[in-house]
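[1] model the structure of this input:
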Amino acid sequence: MPILLTILLILLLLIVLAVLYLLLVPIDLQVTGTLDPEGMTAAGGLTWGVAGLVAEHRQGDLKTGVSLFGHRFWFSMERGRQKPEGSVRSKEPEKPIASAGESEEHQEKKQGSSGPGAGEVIGMVEEVWPRITDLLGSTFRALEIRSISIDMTFGLSDAAKTGEVFGYLMAIRGMLTPVPWFSMGVTPVFDTITLVGTGSGTLRLNHPGTLLVPAARLLLSRPVWRMIRTRGTS
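    Sure, this is the predicted structure:
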């Protein structure tokens, strides 16, 4: 009996910790990008507490991985493919020709049985629309912009146009000065054409566990299950 009681207490503790993790630990989305003469580099990460997903795109190469306790572990890389010069364009596959014995009516029935029509989909969306708006509203209420930072250097072919664009950008920065999470730095160059800079942003989803109820209401609604059964039988 003590062993069984200990196991039950451990399971109860794990359930409580899981609920607290869902309710209290936010989800952070970080995105950074750099534009320089060598090309564009972009990186992003989705972090939930001690774990997350990361991705990085640099000079045509994309790699993805996971982060755990602040350490990143890359597990895949996809290199950009470049077509060699003089490559022959592949021929498009020929469309299958219907046999003479297969009537047009039979073909239309086969095409119609592949899934629900547009009218049925629109009707389903109308039925679940209140639950969709409920989920979207809960998501937007839980979202929080943590930071947006832009630092750029630019120059146009005409010095007057460069000054005009610089004035517009300074006006935008002035309007957004009271916003605590926004910062922008701009450096104009009047004697050459250039565009380099860096940018970053962080978005936080607070209390992600609060989205479970509206998400469950949407997924367990009758129209959604009807569509799933239709897909399964087609």
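
[2] quick check: next helix or strand after the helix or strand of the chain at the bottom of the mean pLDDT ranking?
    In the chain, no helix or strand scores lower on mean pLDDT, DSSP states H and E than helix 104-112, which sits at a mean of 49. For helix 104-112, the following helix or strand on the C-terminal side (DSSP states H and E) is helix 118-142.

[3] which secondary structure elements does the helix or strand just after that following helix sit against?
    Per DSSP H and E, the first helix or strand lying C-terminal to helix 118-142 is strand 143-155. Using 3 or more CB pairs under 8 Å, 6 or more residues apart in numbering; DSSP states H and E as the contact criterion, the elements in contact with strand 143-155 are helix 159-175, strand 182-188, strand 194-205. C-beta here means a position set from N, CA and C on the backbone, and glycine is covered the same way.

[4] would you turn the ones you listed into CSV with mean pLDDT?
    Output for the helices and strands packed on strand 143-155, formatted as CSV (pLDDT from 0 to 100):
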stretch, mean pLDDT
helix 159-175, 94
strand 182-188, 94
strand 194-205, 95
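
[5] Throw these into JSON lines and include distance to residue 121 and mean neighbour count, thanks.
    What follows is the helices and strands packed on strand 143-155, written out as JSON lines (distance: least, CB to CB, whole Å; neighbours: other CB atoms under 10 Å):
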{"stretch": "helix 159-175", "distance to residue 121": "40", "mean neighbour count": "13"}
{"stretch": "strand 182-188", "distance to residue 121": "39", "mean neighbour count": "16"}
{"stretch": "strand 194-205", "distance to residue 121": "29", "mean neighbour count": "16"}
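
[6] out of these, nearest to residue 51?
    strand 194-205 (15.0 Å; CB to CB).

[7] give me the distance from the closest one to the chain's centre.
    16 Å (CA atoms, centre = their mean, to the nearest Å).

[8] ok, stretch 9-22 next?
    That offset, for stretch 9-22, works out to 29 Å (CA atoms, centre = their mean).

[9] which outside residues touch stretch 125-133?
    214, 217-218, 221-224 (CB atoms under 8 Å, 6 or more residues apart in numbering).
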